[in-house]
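A.B. asks: next come a sequence and a model predicted from it.
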Number of protein chains: 2
Amino acid sequence: MAIDDGKQSPKKFAVVLFRGFQALDAFGPLDILNMLSSYYAPLELYVLADMLDPVPTNAHAEGGYTMSQSVIPTHTFESAPRDIEVLLVPGGFGTRDLGNIQPAVNFVRSAFPRLRYLLTVCTGSALVAMSGVLDGRRATSNKKAFAWVTSQGPNVQWVQEARWVTDGNVWTASGISAGIDMAYAFVSEMYGEDIAQELADRAEYTRQKDPSVDPFAKFAKM
Amino acid sequence: MAIDDGKQSPKKFAVVLFRGFQALDAFGPLDILNMLSSYYAPLELYVLADMLDPVPTNAHAEGGYTMSQSVIPTHTFESAPRDIEVLLVPGGFGTRDLGNIQPAVNFVRSAFPRLRYLLTVCTGSALVAMSGVLDGRRATSNKKAFAWVTSQGPNVQWVQEARWVTDGNVWTASGISAGIDMAYAFVSEMYGEDIAQELADRAEYTRQKDPSVDPFAKFAKM
């Protein structure tokens, strides 16, 4: 198997981190890209945050050894390279504190016109909605958080029943694990279905390939 | 819902990191524990590695911005607290380099007698097999890597067809994403099935609850 270079598949990725990001929102898709990069197509990743300090998954970790993991940024939002092709925005408890995510919201707003693709997972779509770039677009989010998320983007066409939604160059996944299915679909479209399936087989992951199948839509309160 | 304290559910977890660990092997289970800790039962996590330097998912990252993410340890293997109840060992490309993982192998061997539970994901069972603690036990691993893994533990009773295997206090998951199903099963057994299912609903994850169902066993070469 080989990458179809005629597609000019993206090579430069970035992920937006903030205190209290949801680990699996980021590492579900990133694990797939890590494998894609190791086996088929060398990729680059910029890890972005407000500051270069380690970014914890638990925004409220205080003293002792809270259940939290910290990831190292490679750049701040200010020093981020301008050649990012694909930007991944996770959600998480940290999105509920506007002060915490305002720098990320501002970065998404300013970077969006230069991106080829913007991907969000879970309440990452709330963060991106706050930037205004989802206005007039179809998008989805975590169903247990749907009432709050939709209130953050009154001009967004929120889709309640969807594993993930694509609108132009914006891909939004539903809650947490939905980012994994969306990431395989993204890899399939960008690099080829045979490569996406080979990576899923290596990860022993049974994909949901139909973005309209959503057993969790019933949890949404508008 | 509340934790059934009669079970004396574990509160102190640790994860073993090494250069080239598989991100989802660690963050699949940890994301579930992060949510468990946030919603129901405050837990502690020690992040262990050979040194306190950030640990990259890509063991061969050199120059530029390779597709890699780096996580900060809280302790070295030498300074690790002795009250760890549950130890999680991920796999990854880094397990193929014995020099790279020897400190982790030695740590598992010395810590095992003090643990309540040892959990591995993917080729994490190869690392643990090298320590000898799987000798005579039933265990499984990633099916695409099965020939190599089983050669690392000739005295282990390797199970080819299993999503995960429990033998006493040792839980071993098959490849990468299987760690997620095993982690929900572990949470179910330790903290209650209602809590495990509530966490899966929040993560919008469709669980495989039967450890014997393994559509990926066909990829194993002994």
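C.D. replies: Okay, I see it.

A.B. asks: could you use CA atoms for every contact and neighbour count after this?
C.D. replies: OK.

A.B. asks: just the angle between the longest helix along chain A and helix B:23-39, please?
C.D. replies: Secondary structure of chain A per DSSP state H: the longest helix is helix A:23-39. Helix A:23-39 runs at 180 degrees relative to helix B:23-39, counting by axes from the mean of the first three to the mean of the last three C-alpha atoms, to 10 degrees.

A.B. asks: from the contact counts, what lies against helix A:23-39?
C.D. replies: helix A:178-191, helix A:193-203, helix B:23-39 (3 or more C-alpha pairs under 8 Å, 6 or more residues apart in numbering or on different chains; DSSP states H and E).

A.B. asks: A:K11: which of the ones you listed is closest?
C.D. replies: Closest to A:K11 of the helices and strands packed on helix A:23-39, according to C-alpha to C-alpha: helix A:178-191, at 10.3 Å.

A.B. asks: buried residues, the longest helix of chain A. List them.
C.D. replies: For helix A:23-39, the neighbour count (16 or more other C-alpha atoms under 10 Å in any protein chain shown) marks A:23-38 as buried.

A.B. asks: could the helices and strands packed on helix A:23-39 go into JSON lines alongside distance to B:Q69 and mean pLDDT?
C.D. replies: JSON lines is the format used below for the helices and strands packed on helix A:23-39 (distance: least, C-alpha to C-alpha, whole Å; pLDDT from 0 to 100):
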{"stretch": "helix A:178-191", "distance to B:Q69": "17", "mean pLDDT": "98"}
{"stretch": "helix A:193-203", "distance to B:Q69": "18", "mean pLDDT": "98"}
{"stretch": "helix B:23-39", "distance to B:Q69": "8", "mean pLDDT": "97"}
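
A.B. asks: could the ones you listed be laid out in CSV, adding distance to A:T76?
C.D. replies: Converted to CSV, the helices and strands packed on helix A:23-39 look like this (distance: least, C-alpha to C-alpha, whole Å):
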stretch, distance to A:T76
helix A:178-191, 24
helix A:193-203, 31
helix B:23-39, 22
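
A.B. asks: that older thread, how about residues contacting the helix or strand following the longest helix of chain A?
C.D. replies: Downstream of helix A:23-39, the next assigned helix or strand under DSSP states H and E is strand A:44-49. Under the criterion C-alpha atoms under 8 Å, 6 or more residues apart in numbering or on different chains, residues A:11-18, A:55, A:72-77, A:80, A:104, B:64-69 lie in contact with strand A:44-49.

A.B. asks: parallel or antiparallel, list what pairs with the next helix or strand after strand A:44-49.
C.D. replies: Next along the chain after strand A:44-49, taking DSSP H and E as the criterion, comes strand A:55-56. Next to strand A:55-56 in the sheet, as set by DSSP bridges, lie strand A:70-71 (antiparallel).

A.B. asks: distance check, the closest residue to A:A126 other than its chain neighbours against B:F93.
C.D. replies: Spatial nearest neighbour of A:A126, chain neighbours left out: A:V149 (5.1 Å); criterion: C-alpha to C-alpha, 6 or more residues apart in numbering or on different chains. Relative to B:F93, A:V149 is positioned 38 Å away (criterion: C-alpha to C-alpha, to the nearest Å).

A.B. asks: tell me the secondary structure of A:G153, please.
C.D. replies: coil (DSSP: H, G, I helix; E, B strand; the rest coil).

A.B. asks: number of nearby residues for the closest residue to it other than its chain neighbours?
C.D. replies: Distances taken as C-alpha to C-alpha, 6+ apart put A:A129 closest to A:G153, at 5.1 Å, once the chain neighbours are dropped. Neighbour count of A:A129, defined by other C-alpha atoms under 10 Å in any protein chain shown: 25.

A.B. asks: A:A129 is in contact with A:R138, isn't it?
C.D. replies: No. Using C-alpha atoms under 8 Å, A:A129 is not in contact with A:R138, being 10.9 Å away.

A.B. asks: where are the low-confidence patches of chain A?
C.D. replies: In the predicted model, chain A carries pLDDT under 70 at residues A:1-7, A:61-63, A:222.

A.B. asks: one more time with 90, if that's ok
C.D. replies: Residue ranges of chain A with pLDDT under 90: A:1-8, A:41, A:59-65, A:221-222.

A.B. asks: list only buried entries from the contacts of strand A:44-49.
C.D. replies: Counted by 16+ other C-alpha under 10 Å, the contacts of strand A:44-49 give A:11-18, A:55, A:72-77, A:80, A:104, B:65-69 as buried.

A.B. asks: residues shared between the contacts of A:A129 and A:R138?
C.D. replies: A:V156.

A.B. asks: on that earlier part again, distance-wise, check the residue nearest to A:G153 relative to A:A220.
C.D. replies: From A:A129 across to A:A220, the span is 18 Å (C-alpha to C-alpha).

A.B. asks: again, but for A:G179
C.D. replies: 18 Å.

A.B. asks: A:L30 too?
C.D. replies: 27 Å.

A.B. asks: A:A196 now?
C.D. replies: Taking C-alpha to C-alpha, one finds A:A196 at 30 Å from A:A220.

A.B. asks: please apply the same query to A:S9.
C.D. replies: The value you get for A:S9 to A:A220, if C-alpha to C-alpha is used, is 35 Å.

A.B. asks: closest to A:F112 out of the buried residues of helix A:23-39?
C.D. replies: Set against A:F112, the nearest of these by C-alpha to C-alpha is A:A26 (18.7 Å).

A.B. asks: chain neighbours aside, what residue packs nearest to the closest one?
C.D. replies: Per C-alpha to C-alpha, 6+ apart, closest to A:A26 is A:P90, 5.5 Å.

A.B. asks: that'll do, ta.
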